[in-house]
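Asks: Sequence and predicted model, in that order:
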Amino acid sequence: MLQFEATAPATDWCRDCQRSGETVGLVPTMGALHEGHLSLVRLAKQKCDRVAVTIFVNPTQFAPDEDLARYPRTIDKDLSRLQQLGVDAVFMPETSTMYPDGFGSFVEPGPIAKKLEGEARPEHFRGVTTIVTKLFHVLPADVAVFGQKDYQQWKVIEAMVRDLHFSIELVAAAIVRETDGLAMSSRNAYLSHSERHRALSLYRTLQETKQRVRSGIQETSTLQKLMRSDLSNCDAVDYAVIVDRDSLQPITLVNQPAVVLIAARVGRTRLIDNLVLLPADSAS
């Protein structure tokens with residue numbers, strides 16, 4: 001497994017693979033890898049001849065009061081797990097490589113980034129679109145795989161790729177959950193035993209909402225009030241909404257493809273989760 005810290009060797013490797021007729025899959029991560037990340041790698045391996053993973057804790061997507069300094073970093077364990085999966089290359093740049101002195105160019109995300117996470121974390125998606133653009137240039141892969149746990153992020157990147165004519169295929173991978181339903185996340189490591197138990201309310205709320213829709217409740221105003229009640233044991237709820245699956249615009253009835261999106265804090269830990277609702281889920 002090749003390991004790159006500089007950009008030029010990583011780019012050369014990717015282009016050499018493609019010149020030899022091989023397809024390259026890219027899996028961008030911030031490390032602290034869990035089974036959710038590894039599922040993205042496996043999907044990339046199914047779709048491509050070669051797979052590259054990036055490990056970079058991107059400072060521009062963290063606000064000053066967020067957890068950049070304490071974000072989990074487990075590089076030795078990460079590299080071991082990636083090697084066991086047969087990953088071909090890992091790109092692990094220093095912050096100074098991605099953001100050298102004098103850096104001042106950012107990629108401004110589109111309107112879909114302004115709501116929900118964009119309201120709670122105003123600079124977050126600008127940091128995401130900027131680093132993803134840079135990684136797409138360093139490793140100009142054929143396919144990039146992202147997880148759907150960060151649903152709005154997926155939609156923001158999808159819009160950016162479309163709007164800026166990136167010649168890369170995006171693939172979305174399903175959420176991977178613990179046996180009790182908690183969505184896998186590197187930030188789960190922050191949770192104490194009691195907090196982790198309370199964090200299960202996010203998954204239970206998603207499931208309860210789906211069952212309510214199946215029972216015939218379609219009004220999103222009613223469903224969202226019930227969701228807030230379901231999340232009462234969280235310490236704060238940034239949002240708990242049902243919106244259009246693609247545009248993330250508000251809807252009044254669940255009679256079209258929709259997505260339930262939740263962001264809540266348990267203790268000091270901010271967690272997100274989601275569930276797609278299809279017309280078949282409705283009692284009608």
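Replies: Yes, it's here.
Asks: what does the average pLDDT come to for stretch 267-276?
Replies: The average pLDDT within stretch 267-276 is 97.
Asks: can you give me the strands in the stretch 151-284 of the chain?
Replies: 169-173, 236-244, 258-266, 269-277 (DSSP state E, counting those that start in this stretch).
Asks: Please work out which of those is packed deepest.
Replies: strand 258-266 (a mean of 22; mean count of other CB atoms under 10 Å). C-beta here means a position set from N, CA and C on the backbone, and glycine is covered the same way.
Asks: neighbouring contacts of it?
Replies: Strand 258-266 has contacts (CB atoms under 8 Å, 6 or more residues apart in numbering) with 116-117, 120, 151-152, 191, 195, 198-199, 201-202, 205-206, 209-210, 227, 231, 234-245, 248, 251, 270-277.
Asks: export the strands of the stretch 151-284 of the chain to TSV and tack on distance to Gly25?
Replies: Below are the strands of the stretch 151-284 of the chain laid out as TSV (distance: least, CB to CB, whole Å):
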stretch	distance to Gly25
strand 169-173	8
strand 236-244	29
strand 258-266	25
strand 269-277	24
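Asks: Report the contact partners of the residue lying closest to Thr252 once chain neighbours are set aside.
Replies: Leaving out its chain neighbours, the residue that sits closest to Thr252 by CB to CB, 6 or more residues apart in numbering is Thr220, at 5.9 Å. Applying CB under 8 Å, 6+ apart, one finds that Thr220 lies in contact with Val241, Ile242, Pro250, Ile251, Thr252, Leu253, Val254.
Asks: which residues touch the helix or strand harbouring Ser39?
Replies: Counting by DSSP states H and E, the element that carries Ser39 is helix 35-47. By CB under 8 Å, 6+ apart, the residues outside helix 35-47 that reach it are 23, 25-27, 29, 51, 53, 81-82, 85-87, 143, 145-147, 149, 171, 173-176, 183-185.
Asks: Mind listing what's buried along stretch 213-222?
Replies: Val213, Ile217, Gln218, Thr220 (16 or more other CB atoms under 10 Å).
Asks: And stretch 104-120, by the same measure?
Replies: Val107, Pro109, Ile112, Ala113, Lys115, Leu116, Glu117, Gly118.
Asks: Run the chain-centre distance for it.
Replies: Chain-centre distance of stretch 104-120: 15 Å, with CA atoms, centre = their mean, to the nearest Å.
Asks: if you average pLDDT over it, what comes out?
Replies: For stretch 104-120, mean pLDDT rounds to 96.
Asks: do stretch 12-32 as well
Replies: Here the average pLDDT along stretch 12-32 is 98.
Asks: now that stretch: how far from the chain's centre is it?
Replies: 20 Å.
Asks: got it, and stretch 4-20?
Replies: The gap between where stretch 4-20 is centred and where its chain is centred comes out at 25 Å by CA atoms, centre = their mean.
Asks: And stretch 61-76, by the same measure?
Replies: Computed by CA atoms, centre = their mean, the chain-centroid distance of stretch 61-76 equals 15 Å.
Asks: thinking again about what came up before, go through the buried residues of stretch 213-222 and name the one nearest Gly102.
Replies: Thr220 (47.0 Å; CB to CB).
Asks: Now do the same for the closest one: its pLDDT.
Replies: 97.
Asks: same thing with Ser284?
Replies: You'll see Ser284 listed with a pLDDT of 51.
Asks: ok, now how distant is the residue nearest the centre of the chain from Asp12?
Replies: Closest residue to the average C-alpha location of the chain: Asp150 at 3.2 Å, with CA atoms, centre = their mean. Taking CB to CB, to the nearest Å as the measure, Asp150 falls 30 Å from Asp12.
Asks: picking that back up, what's the spacing between the residue nearest to the residue nearest to the centre of the chain when sequence neighbours are not counted and Asp49?
Replies: Nearest residue to Asp150 in three dimensions, chain neighbours excluded: Ile272, at 7.0 Å (CB to CB, 6+ apart). Note on Ile272: its distance to Asp49, by CB to CB, is 33 Å.
Asks: Let me see the ranges of the helices in the protein.
Replies: Secondary structure of the chain (DSSP state H): helices located at 7-19, 35-47, 75-84, 95-98, 117-120, 124-138, 151-163, 193-214, 220-230.
Asks: which residues does Met160 contact?
Replies: Met160 touches Val107, Pro109, Gly110, Thr129, Val132, Thr133, Phe166, counting by CB under 8 Å, 6+ apart.
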